[in-house]
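**Student:** The amino acid sequence is not available; the structure is as follows:
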């Protein structure tokens, strides 16, 4: 896919305070904020544009207002070890006004275990100065400067946010006092091996505008009572979802119109469909209709300064199974600061003197919570951490106490992995280097995983190998969170570029990049030999189907799977361990709630309905008819197959083909404009007039449709007022016929004057269905005479051999292709029909394009948790309680961990089995001949006391007890592979070593029993 050009931008206004990057200091390296970046992009700050083509996925999480505040924030990050560089990376990707890096120390060997922008040749150099040019490449809108001097009060004053990492407690207290007194928001963060600490002080009057990041809820009203309090009942098609204490507003209420102008009202929930509001006794009588919408109210939070919070700590619990840990760690971190102050060093790893569990390992995991805390300090979006958060991952240590590590095993070796060896010892480091892993996906999660693989030393030793595959190319919108890519990488393959980037981080990594989609079509590439040689698989996918496919492969080959995903501020991690846990596919999310067809077609009440309708219009106008026409011309059996379709589908398909080839077929660009004009009248005027004819505004039906009040409908007039729709529709229609269009609105307007639009009069007797059940009943009958009429009216396919149409696949990210132009115009015109508030292009693209909102900070947190599980997998942990599935929502903030669910156990006779078990059958006999079906059935009868009643391979039924005797006799003495080839009508590839058979069996008592599948080895 090609990158999209710079799209529509939004103007941001505001004052421009002085920033840390403008402070004069003999110890600072400055970047002139007035100079435009080399690529011509503007810097952030006052009076700047939000580049929606770059920040689109982040904007869907933060919103424009929070993004504006973020772009006016100057941030100082002090301490450029692993944690500091991770925080700086995500803040720069997020698009703040400027970032200043502060560090006074040189790079050391231990830093290389987690500081991904340090190289071995950088040892001895200042960490901030070395990291600055590499961090500056991440986002050319964000100036990045360096300060290597002291953090004085004058220097700190211009910043809006200060982040301290790797700093002594005395320094934290001094800086914390300055920041609290000057209203500067401060974050203190630290990681020590498998322990993490986070503290926030956002001042005395922090205002949070959105506490959870969720879209405001809304519901349709069926009744409001007069009383004190008044009670509101919502339609019972869905629960309202409100909570007591929420504030709501009302619109489109008929009768009790006072509610339409009330300020937000606090509610008390009475039930899933009811809640009470204030005093409505003096209001008018409720008649009908209305929509109630949740209103997010600002919330003020006061923070204690660090000096007070140390003695009076408030903790955010990250793991409720370790409820007592935060208080213990609070004291332990202070003890560690005391030790370091007294001895001018940290305790030696595994030494008997000092805290034995503290390690020098810094910053690989847990940084995501810190990274999202700094942006929320700037933006006021999401609930901040109040005020202390502690995290530990002691489960990553060896399970067996007999394997306790020694000081010798954890001593420094002047290696880039010294920080990690300090935690886990040299033996695990060697084992990590030998791992063979398959990473599926090189997007946001994939980039973070590859970075961490390089830091861990995964596949960096003899025999190690990481194979990464991704079929996508880099687009501009990826650059906001897929941090291995740069603007000059746009249009390159993701996997190749990511592999090259991590080789720069660790030249020892053995990595191979592919561009294959994982699936049945690529099993010749990712075959038995490939999977059998792996130590594990990590998924970095963006769709459920691919995840489930990889899950099935991991179950079949019995390989560990590290599964993760994000959605805005939410993330999850699941670890799948052979013979221990359930698989990814063992549990599934409930299906998304679909919109009833009649709601879409006739009674929409929300912008989501009109956008889905517009998407359906796009498919039904510019893709499906063209595909059907091409099949009609090229496929002799098209008509036969079409007439076998269920319900009214044959009629709909042939009507579309008839329109495309006969009644609506254009011969020129002018014809395309005429079609767009007439279609506009049909959809936005004629159909609405017919609807109002069937459901007059004054009529209250005994079965009112579930939609906005009838009087809110109105037909639209004068298509020249809606030229966006005409231009987009005409151009797309022309493209399907290979006709050249134009963007010249004036030329299109001239052509519209020549279009004759037939007069329309609403007809009596036209049936408009008000429920899907009614529609389904109507679809049971098909007008056969109309079918015959359509068949006879179509031109002979032989006369159309030189003709073809060009179906259009919807592509949301190209702003030049008219696709989103059409969707936005079509949806908002329909919204105008029904008095639904319209959606701008940004929101329309989110909903119609089914875009997954994303921010880099959630990805960083999730991947940190994945890599903690990776340590356990490589060590071979055997206990279920050692592993952790993780769930987080950084907006709340919420962190939850649970043991993975054990794999369910089944039984036949006295034999217990799980999804990881199977029957192993050698298809080739010692004689060299293959097993026949008769021998296969007999084998299970004699060896397992199982009578096979049905046998299948994939979707092919190979044997069943109810087969005709002649077919059974024919197959009984055929080799199994011959039967598979004959029934499936597919050859077995040379790369296939074994086939999978599914069985239905009876036991000795002739009862059906559930049994594992069969792995039938043929090579």
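**Tutor:** Looks like it arrived, so ask away. In this text, all values refer to a predicted model and were calculated from it rather than measured experimentally. Residues are numbered from 1 along each chain as shown.

**Student:** Run through the stretch 351-500 of the chain and note the low-pLDDT ranges.
**Tutor:** 352-376, 401-403 (pLDDT under 70).

**Student:** quick one, strands of it?
**Tutor:** Using DSSP state E, counting those that start in this stretch, the strands of the stretch 351-500 of the chain run over residues 388-392, 436-440, 465-469.

**Student:** Now distance to residue 412 and mean neighbour count too, for the ones you listed, in CSV please.
**Tutor:** Quick note: C-beta positions are derived from backbone N, CA and C, even for glycine. Output for the strands of the stretch 351-500 of the chain, formatted as CSV (distance: least, Cβ to Cβ, whole Å; neighbours: other Cβ atoms under 10 Å):
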stretch, distance to residue 412, mean neighbour count
strand 388-392, 23, 23
strand 436-440, 27, 24
strand 465-469, 26, 23
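
**Student:** Save those as a markdown table, and put in distance to residue 478 too.
**Tutor:** Converted to a markdown table, the strands of the stretch 351-500 of the chain look like this (distance: least, Cβ to Cβ, whole Å):
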| stretch | distance to residue 478 |
| --- | --- |
| strand 388-392 | 29 |
| strand 436-440 | 17 |
| strand 465-469 | 15 |
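
**Student:** For residue 542, find the nearest of these.
**Tutor:** Of all those, strand 436-440 sits nearest to residue 542, with 10.6 Å by Cβ to Cβ.

**Student:** partners of that closest one in the sheet?
**Tutor:** strand 465-469 (parallel), strand 536-539 (parallel) (DSSP bridges).

**Student:** helices or strands up against the helix or strand that the shortest one is followed by?
**Tutor:** Toward the C-terminal end, the helix or strand that comes next after strand 536-539 (DSSP states H and E) is helix 544-557. Helix 544-557 makes packing contacts with helix 528-532, strand 536-539, strand 561-567 when contacts are defined by 3 or more Cβ pairs under 8 Å, 6 or more residues apart in numbering; DSSP states H and E.

**Student:** Kindly compare burial across those and name the winner.
**Tutor:** The highest mean neighbour count among the helices and strands packed on helix 544-557, using mean count of other Cβ atoms under 10 Å, belongs to strand 536-539: a mean of 25.

**Student:** ok, residues contacting that one?
**Tutor:** Identification of contacts with strand 536-539 by Cβ atoms under 8 Å, 6 or more residues apart in numbering yields 435, 437-441, 449, 546-547, 550, 553-554, 559-564, 866, 870, 873.

**Student:** And stretch 541-549, by the same measure?
**Tutor:** Residues outside stretch 541-549 that contact it (Cβ under 8 Å, 6+ apart): 440-441, 443, 517-519, 539, 550, 563, 565, 584-585, 852.

**Student:** what does stretch 741-755 give?
**Tutor:** With Cβ under 8 Å, 6+ apart as the test, stretch 741-755 has contacts from 669-670, 672-674, 677-678, 719-720, 723, 726-727, 730-731, 734-735.

**Student:** State the mean pLDDT of it.
**Tutor:** For stretch 741-755, mean pLDDT is 92.

**Student:** ok, now stretch 615-622?
**Tutor:** 96.

**Student:** Okay, buried residues for that stretch please.
**Tutor:** Residues 615, 617, 618, 621, 622 are the ones in stretch 615-622 that count as buried (16 or more other Cβ atoms under 10 Å).

**Student:** Next, the fourth one: phi, psi?
**Tutor:** Summarising the backbone geometry of residue 621 under the convention degrees, to the nearest 10, its torsions are phi -100, psi -40.

**Student:** Hmm, residue 728 and it touching each other?
**Tutor:** No. At 11.0 Å, residue 621 does not count as touching residue 728 under the criterion of Cβ atoms under 8 Å.

**Student:** Who wins on neighbours among the contacts of stretch 741-755?
**Tutor:** Compared across the contacts of stretch 741-755, residue 730 has the highest neighbour count, 30 neighbours, by other Cβ atoms under 10 Å.

**Student:** looking at this, that one is in a helix?
**Tutor:** Yes. Under DSSP: H, G, I helix; E, B strand; the rest coil, residue 730 sits within a helix.

**Student:** Next up, the contacts around the residue nearest to it when sequence neighbours are not counted.
**Tutor:** Closest residue to residue 730 in three dimensions, ignoring its sequence neighbours and counting by Cβ to Cβ, 6 or more residues apart in numbering: residue 676, at 4.0 Å. Residues near residue 676 by Cβ under 8 Å, 6+ apart: 725, 726, 729, 730, 733.

**Student:** What is the neighbour count of the third one?
**Tutor:** Number of residues near residue 729 (other Cβ under 10 Å) recorded here: 27.

**Student:** separation between it and residue 519?
**Tutor:** In this view, residue 729 and residue 519 are 36 Å apart by Cβ to Cβ, to the nearest Å.

**Student:** Any chance of the backbone angles for residue 903?
**Tutor:** The phi/psi pair for residue 903 (degrees, to the nearest 10) reads phi -70, psi 130.

**Student:** I'd say it and residue 576 touch.
**Tutor:** No. At 9.4 Å, residue 903 does not count as touching residue 576 under the criterion of Cβ under 8 Å.

**Student:** And the two? Which one has more around it.
**Tutor:** Remark: of residue 903 and residue 576, residue 576 carries more neighbours, 30 against 22, as counted by other Cβ under 10 Å.

**Student:** Settle this for me: the more buried one is touching residue 585, isn't it.
**Tutor:** No. Contact between residue 576 and residue 585 fails when scored by Cβ under 8 Å: they sit 9.5 Å apart.

**Student:** Identify the contacts common to the two.
**Tutor:** Residues touching both residue 576 and residue 585 by Cβ under 8 Å, 6+ apart: residue 551.

**Student:** from memory residue 654 sits against residue 791, does it?
**Tutor:** Yes. Residue 654 is within contact range of residue 791, at 6.9 Å (criterion: Cβ under 8 Å).

**Student:** if you count what's nearby, which of the two comes out ahead?
**Tutor:** When neighbours are counted by other Cβ under 10 Å, residue 654 and residue 791 differ, and residue 654 comes out ahead with 22 against 14.

**Student:** pLDDT weak spots in the stretch 751-900 of the chain?
**Tutor:** Residue ranges of the stretch 751-900 of the chain with pLDDT under 70: 771-772, 774-782.

**Student:** which stretches of the stretch 601-750 of the chain form strands?
**Tutor:** So, for the stretch 601-750 of the chain - with DSSP E, counting those that start in this stretch - there are no strands.

**Student:** which stretches of it form helices?
**Tutor:** Along the stretch 601-750 of the chain, the segments classed as helices by DSSP state H, counting those that start in this stretch run 607-622, 624-634, 638-643, 649-658, 669-681, 687-694, 723-736, 745-752.
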